[in-house]
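pasting a predicted model and its sequence here:
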Amino acid sequence: MAGTNPYISATLVEKPTQPYQITILFEDEPHTFTVDPNEIPYDRSGLPGSILDICEGHHIALEHTCGGVLACSTCHVIVREGLESCNEATDDELDQLEEAPGNTARSRLGCQCVPNGSRSVVIEVPLWNRNAVKETPHD
Amino acid sequence: MTDVQTAVLEAARVLAPDVREITLRPDAPAPLTYQPGQWISLRLPVGEKPPLIRAYSMATPASQDGRLTLCFDRIEGGIGSEYLWTAEPGLAMEFSGPVGNFTLPETDSDLVFVAQHTGIVPFRAMLHLLATDPAFGRSGRRVHLVYGTKRQEDLVYHEELAAMSRRVSWLDYHPVVLEGAPLDTAATGSESDVLAAHAATWIPFVPMVCGVREFTLPTRSFFMEQLGFERRAVKVENYNGPAAR
Ligand SMILES: Cc1cc2nc3c(=O)[nH]c(=O)nc-3n(C[C@H](O)[C@H](O)[C@H](O)COP(=O)(O)OP(=O)(O)OC[C@H]3O[C@@H](n4cnc5c(N)ncnc54)[C@H](O)[C@@H]3O)c2cc1C
Ligand code: FES
């Protein structure tokens, strides 16, 4: 299992090398955009290239109460398609996910889940968290 | 959406060359209730895509006047902490919470608190609560506090903790600094030196560790590998996220 070496504070991530498509489902609406590896990191929240980082870069305000540092579970998302293209969850991430309402086998923390770009991904923001997500105004 | 609340920065004081304490007065009509060890999420008007969200633990237990005391490191190039370092009293702020699970465990065992730098903050709130709890004083339980910083001047709240350890019989305080000749009660060395020397004699206890991951994870490993604790039996609060590698 990943992350079992408790000395290691870094998470193994395969960064995307090619553009890929991501769809975020919330408020019953799909929001689809292309992730350009050259634009990563979009922001300073979560692992570079994480679902949270991508949301921040595309005006989708995904809740991240701890600032995207794996200390809460408010960024809980469900990876509907493309889970196999994402980095493996560490034990610490799985511990935090246990606190998330509606935790499923396809659940991840948005701040820790980094797709490698080998295929498109579809991310659902769980029902309980939908009110927590809003589209922010474009600049 | 998480309830966003407002507060006014009421007071600020520098505790160490790179550590500042600030007091917030929330605008909420009733004082906020929380457990020592919980934290609030500040929404700071900085960064490329404000608000920048940063978590800070409360340094005191919940008080009747509702004020929230936070204490933070100034991190070079850290966009959130640099902003807070220069924030002036009177500033309006937004936050959500309090939240968090790094709270006093329900146990009859002793407690071992291990903190590095501002990792002391949640423990200070817990110690203040325990110090006002006569039942804890009578219980015969002990708290072993291992608190390390690089230099003596970085040991914030040291005088207060040393005084508390003289006043109450249950607090066994081990301040330790990496550099320089020790002044009064702090020894020279690291938190792991203290743990290697004493922790085995403190069993049984519940270990709690707070600070940055580079510190908390090796400390957790010590409890697992040297003392046989299960990974999840070691309560950890990490101030930063894992890096990508
Ligand atoms: C639950 C929780 C409680 C916290 N409580 C406190 C607290 O009471 N006091 C406090 O000072 N901080 C606390 N933090 C950390 C705080 O939220 C910020 O991460 C910190 O102030 C740095 O933010 P920044 O924007 O200035 O730095 P960023 O631009 O985010 O840079 C952070 C970088 O600094 C490094 N770093 C060095 N020292 C620290 C440190 N002490 N904290 C975080 N990163 C560090 C990190 O490894 C990281 O690379 C807490 C974090 C969490 C998740
Ligand atoms: S934002 Fe807190 S764990 Fe992801």
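Right, received. Where do you want to start? Small disclaimer: the values here were computed from a predicted structure and weren't measured. Ligands and ions are numbered 1, 2, ... in the order given.

okay, the top helix by length along chain B in PDB with CA atoms only?
The longest helix of chain B (DSSP state H) is helix B:213-227. Output of helix B:213-227 as PDB, limited to C-alpha atoms (Å, rounded to 0.1, in the frame of the first residue of the first chain):
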ATOM      1  CA  ARG B 213       5.400  17.000   8.600                       C
ATOM      2  CA  GLU B 214       9.200  16.900   8.400                       C
ATOM      3  CA  PHE B 215       9.000  16.700  12.200                       C
ATOM      4  CA  THR B 216       5.800  14.900  13.000                       C
ATOM      5  CA  LEU B 217       6.300  11.900  10.700                       C
ATOM      6  CA  PRO B 218       9.700  10.800  12.100                       C
ATOM      7  CA  THR B 219       8.300  11.400  15.600                       C
ATOM      8  CA  ARG B 220       5.300   9.200  14.800                       C
ATOM      9  CA  SER B 221       7.800   6.600  13.400                       C
ATOM     10  CA  PHE B 222       9.700   6.700  16.700                       C
ATOM     11  CA  PHE B 223       6.600   5.800  18.700                       C
ATOM     12  CA  MET B 224       5.700   3.000  16.200                       C
ATOM     13  CA  GLU B 225       9.100   1.500  15.800                       C
ATOM     14  CA  GLN B 226      10.700   2.000  19.100                       C
ATOM     15  CA  LEU B 227       7.700   1.700  21.400                       C
END
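
what is the mean pLDDT for the helix or strand just after it?
Once the chain leaves helix B:213-227, the next helix or strand it forms, by DSSP states H and E, is strand B:235-238. For strand B:235-238, mean pLDDT rounds to 98.

quick one: strands adjacent to whichever helix or strand comes after strand B:235-238?
Counting by DSSP H and E, the element after strand B:235-238 in chain order, helix or strand, is strand B:243-244. Sheet pairing for strand B:243-244, assigned by DSSP bridges, gives strand A:10-11 (parallel).

please work out which residues outside the partner strand touch it.
The contact list for strand A:10-11, computed with CB atoms under 8 Å, 6 or more residues apart in numbering or on different chains, reads A:3, A:47, A:87, A:90, A:112, B:242-245. Every C-beta, even on glycine, is put in place using the N, C-alpha and C of the backbone.

now it: how far from the chain's centre is it?
15 Å (CA atoms, centre = their mean, to the nearest Å).

does any bit of that strand sit next to ligand 1?
No - Strand A:10-11 lies out of reach of ligand 1 by CB under 6 Å from any ligand atom, never closer than 10.9 Å.

near ligand 2, anything from that strand?
No - residues of strand A:10-11 contacting ligand 2 under CB under 6 Å from any ligand atom: none, with a closest distance of 12.4 Å.

and that strand, what's its mean pLDDT?
Strand A:10-11 comes out at a mean pLDDT of 81.

run a quick check on B:Leu145 versus B:Pro122, I expect a contact.
No - when contacts are counted by CB atoms under 8 Å, B:Leu145 is not listed as touching B:Pro122 (12.0 Å).

those two: which has the busier surroundings?
Counted by other CB atoms under 10 Å in any protein chain shown, B:Leu145 and B:Pro122 do not tie: B:Pro122 has more neighbours, with 26 against 23.

for that one, give me the pLDDT.
98.

next, the buried residues of the host helix or strand of it.
Using DSSP H and E, B:Pro122 maps to helix B:120-131. Buried residues in helix B:120-131, counting neighbours by 16 or more other CB atoms under 10 Å in any protein chain shown, are found at B:120-131.

does that helix come close to chain A?
No - Helix B:120-131 is not in contact with chain A by CB under 8 Å from any CB of the partner chain; minimum separation 11.9 Å.
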